[in-house]
Every structure is written in C-alpha cells, then in structure tokens.
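>>> no sequence for this one, just the structure:
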C-alpha cells in the first residue's frame with residue numbers, strides 16, 4: 001500500500017513577481033498627464049485666438 005504524500009503548509013504568503021516597472025511607470029504616467037494638460041491649454045488658446 002502506498003501512503004499519501006505529506007504536505008506542509010507554506011511558511012510565507014504568496015507574492016506577485018517583481019516586474020521592475022514601479023517607479024518608471026509612475027514617472028511616465030506623470031509626464032503623460034502633463035503633456036495632455038499642456039496640449040489642451042494650447043488648443044484652447046489657439047481656438048480663442050482664432051475667434052478674434
């Protein structure tokens with residue numbers, strides 16, 4: 001007769017793998033928002049100036 005395998009519960013909780021995209025992604029997101037805001041401001045100024 002074979003015995004069932006004995007298993008022990010894990011000692012550490014599972015974690016997600018480290019992708020290395022933490023700080024760089026945050027900086028890139030901030031730059032993207034800045035560019036979108038600046039582009040919107042320039043677009044609105046151009047539209048307002050063309051009406052005069």
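Sure, I can see it. Note that this is a predicted model, so its numbers are computed, not measured.
>>> pLDDT below threshold where in this protein?
1 (pLDDT under 70).
>>> spatially central residue in this structure, please.
residue 25 (5.3 Å; Cα atoms, centre = their mean).
>>> where's that one, which helix or strand?
helix 22-51 (DSSP states H and E).
>>> what's the answer for residue 5, then?
Applying DSSP H and E, one finds residue 5 in no helix or strand.
>>> what sits against it?
Applying Cβ atoms under 8 Å, 6 or more residues apart in numbering to residue 5 gives no contacts. Using the backbone N, CA and C atoms, a C-beta is placed for each residue, glycine as well.
>>> and the gap between residue 21 and residue 41?
Separation of residue 21 from residue 41 (Cβ to Cβ, to the nearest Å) stands at 29 Å.
>>> circling back: residue contacts, the residue nearest to the centre of the chain?
By Cβ under 8 Å, 6+ apart, no residues touch residue 25.
>>> okay, now residue 43: neighbour count?
10 (other Cβ atoms under 10 Å).
>>> ok, now which ones touch it?
Residues counted as contacts of residue 43 (Cβ under 8 Å, 6+ apart): none.
>>> how close does it get to residue 32?
16 Å.
>>> cool, residue 8 as well?
47 Å.
>>> between these two, which one's more packed in?
residue 32 (10 against 5).
>>> how much space between that one and residue 24?
For residue 32 relative to residue 24 (Cβ to Cβ), the value is 12 Å.
>>> what sits in contact with each of those two?
Counting by Cβ under 8 Å, 6+ apart, nothing touches both residue 32 and residue 24.
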